[in-house]
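S.K.: quick one: sequence plus predicted model below, questions after.
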Amino acid sequence: MIIQRTIFRLLPVLAVAGGLLAGCQKNEERPYAVVSNDQFPTLLTNSLGTATKYAVGETVPVELRFAAQGAPIQEIRIFQRIEPAPDSTVVQTLPGTSAAYSRRSFADTLVVNLVMPTAPNQARVRFSAVVVSANGLTKARSVSVRVAEATPTVKVVSATSLTAPAAAPLVTGDVVRYSLLLNENGINLYPERPAAPPTATAVLFNNLDSLVTYVRVGTTAERRFARQRLPATGTQTGAATPITLDLTLPAGTAGQPVVFRFEAKSRFLGTPNFRASSATAAPITLGTATPLAAVRVRTLTYTGAAGGDLAALDFTTFNTVAAAGPITSKDLVIGSTAANAVQFRALSTGTRLVRSTAAIYTAATFNSIRTAYNTAAAAAQVATLDNIVVGDVIILRLRGADQYAVVQVTSINRTSATDVAVTFNIKAL
């Protein structure tokens, strides 16, 4: 009886278990069936280049590289979208038969000319190339570029004489420093997100290529004076670029105006192949060079251990200064150094010496020796010159003022191991 009651109690459980076991069937995945052998075409990822900016109207040749996969290429479509417009427009449709196979790329190639559309500066233009197979499958690649300004700008900021005081007239040979600013407010790249956007006044420019300087003297025709790459070395840029030019005034006669014009150029993918703008500096009226007085001949003598009373010269009076005389009057002092060498020293405050050439001495005017001194390197403007020999030409700037003289050594007469006499010609005002 107990066994029967137990069986009756288990019957519902056994019924449920039997149902579950009956419902468990083998659920295998059915073998897949190929419904189509169609394949997507291949379009290489670098087909559209890596440039980030172009100017309106530039024609950009792009080599598309692609390959058919199972079905021939039917056509290539080129789309463009100018943000913030939401939709793209078809700008070119080219037949697939226009491509040619490249052994170097191992792909079909097609050169497509993309023309930058009219859009505001810095606007983003998105170009897309879509390769369409005969089976209807497509492959697309896109690139976004920014609209840049094609024409550079140039501005003359200042002009400063390097060789004459501010109030002095400028003559042929004087050097004028021009400070220019190219592409004012210019930026080279648009700062994409997450970077902050550029300022409201910023302008995205095409890269600067070169700067050409022209000059016109009097009524003569303008001529090219100089040309330089921008920058002289390194990567070119469209950003705002300050430029400093040290220009020597060309030959002319007193009273003639000298006019410099500065032309900045950028490359342009079109005809003509550059864009340029220029700025003209204020004219400089040539003055008359100031002649120097007749040649003065002086001899300085160094004697004994201290030099004696005839070893220093005052260039304001052209008289010798005694050993006990004021050091402020000793513009040029000779000395005798080891190995029988002769030394020139400037002891007066602000007086400096620069070695020059016989040509400078021969054609010396006040303006020319001032120019030669001021265009010498700072390291060459010294208070002491060693190893003076016959024929040496020395320019002196006297006491830090706008006063200059030039001397040429004509004789060195050594009378003992310490004593020496030096004779020189002086050209000064």
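M.R.: That came through, no problem. Residues are numbered from 1 along each chain as shown.

S.K.: what's next to stretch 296-304, contact-wise?
M.R.: 308, 310-313, 318, 320, 332-336, 410-411, 418-428 (Cβ atoms under 8 Å, 6 or more residues apart in numbering). Glycine gets a C-beta too; all of them are placed from N, C-alpha and C.

S.K.: of these, grab the buried ones for ChimeraX.
M.R.: Selecting only the buried entries of the contacts of stretch 296-304 in ChimeraX, with 16 or more other Cβ atoms under 10 Å as the criterion:
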select :308,310,311,312,313,320,332,333,334,335,336,420,421,422,424,426,427,428
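
S.K.: phi and psi next, for residue 41.
M.R.: Main-chain torsions, residue 41, degrees, to the nearest 10: phi -70, psi 170.

S.K.: and it, what's its pLDDT?
M.R.: pLDDT for residue 41: 87.

S.K.: was I right to think it contacts residue 64?
M.R.: No. Checked against Cβ atoms under 8 Å, the pair residue 41 and residue 64 is beyond contact range at 11.2 Å.

S.K.: what sits against the closest residue to residue 414 other than its chain neighbours?
M.R.: Spatial nearest neighbour of residue 414, excluding adjacent residues (Cβ to Cβ, 6 or more residues apart in numbering): residue 420 at 4.6 Å. Contact analysis of residue 420 by Cβ under 8 Å, 6+ apart lists 301, 302, 334, 336, 340, 342, 412, 413, 414.

S.K.: give me the common contacts of residue 41 and residue 64.
M.R.: Common neighbours of residue 41 and residue 64 (Cβ under 8 Å, 6+ apart) are residue 131.

S.K.: quick check: beta-bridge partners of the residue nearest to residue 414?
M.R.: Judged by DSSP bridges, the bridge partners of residue 420 are residue 302, residue 414.

S.K.: residue 427 versus that one, what's the distance?
M.R.: Separation of residue 420 from residue 427 (Cβ to Cβ, to the nearest Å) stands at 23 Å.

S.K.: how about residue 305?
M.R.: 33 Å.

S.K.: what of residue 43?
M.R.: Taking Cβ to Cβ, one finds residue 43 at 78 Å from residue 427.

S.K.: run through the helices of this protein in chain order.
M.R.: With helices called from DSSP state H, the chain shows them at 2-23, 358-362, 366-374.

S.K.: now residue 110. Nearest residue, chain neighbours left out?
M.R.: Nearest residue to residue 110, sequence neighbours excluded (Cβ to Cβ, 6+ apart): residue 99, at 4.3 Å.

S.K.: run a quick neighbour tally on residue 372.
M.R.: Neighbourhood size, residue 372 [other Cβ atoms under 10 Å]: 22.

S.K.: where does the closest residue to it other than its chain neighbours land on pLDDT?
M.R.: Leaving out its chain neighbours, the residue that sits closest to residue 372 by Cβ to Cβ, 6+ apart is residue 360, at 5.2 Å. Residue 360 is assigned a predicted lDDT (pLDDT) of 96.

S.K.: same check, this time on the one 3 residues further on
M.R.: pLDDT recorded at residue 363 is 95.

S.K.: what distance do you get for it to residue 292?
M.R.: Relative to residue 292, residue 363 is positioned 11 Å away (Cβ to Cβ).

S.K.: residue 41 and residue 64: which is more packed in?
M.R.: Under the neighbour definition other Cβ under 10 Å, residue 41 and residue 64 were set side by side, and residue 41 has more, 25 against 21.

S.K.: who are the neighbours in contact with the more buried one?
M.R.: 66, 67, 68, 69, 71, 73, 131, 132, 133, 137, 138, 139.

S.K.: if I look at it, how far off is residue 179?
M.R.: From residue 41 to residue 179 the distance is 57 Å (Cβ to Cβ).

S.K.: mean pLDDT lowest where, among the helices of the chain?
M.R.: Among the helices of the chain, helix 2-23 scores lowest, at a mean of 54.

S.K.: ok so, going back, can you add neighbour count, distance to residue 240 and pLDDT and give the contacts of residue 41 back as JSON lines?
M.R.: Formatted as JSON lines, the contacts of residue 41 follow (neighbours: other Cβ atoms under 10 Å; distance: Cβ to Cβ, whole Å; pLDDT from 0 to 100):
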{"residue": "66", "neighbour count": "24", "distance to residue 240": "41", "pLDDT": "89"}
{"residue": "67", "neighbour count": "17", "distance to residue 240": "45", "pLDDT": "89"}
{"residue": "68", "neighbour count": "19", "distance to residue 240": "49", "pLDDT": "88"}
{"residue": "69", "neighbour count": "15", "distance to residue 240": "49", "pLDDT": "88"}
{"residue": "71", "neighbour count": "17", "distance to residue 240": "53", "pLDDT": "89"}
{"residue": "73", "neighbour count": "24", "distance to residue 240": "46", "pLDDT": "91"}
{"residue": "131", "neighbour count": "27", "distance to residue 240": "41", "pLDDT": "93"}
{"residue": "132", "neighbour count": "19", "distance to residue 240": "45", "pLDDT": "94"}
{"residue": "133", "neighbour count": "22", "distance to residue 240": "48", "pLDDT": "93"}
{"residue": "137", "neighbour count": "16", "distance to residue 240": "49", "pLDDT": "91"}
{"residue": "138", "neighbour count": "15", "distance to residue 240": "44", "pLDDT": "93"}
{"residue": "139", "neighbour count": "18", "distance to residue 240": "41", "pLDDT": "92"}
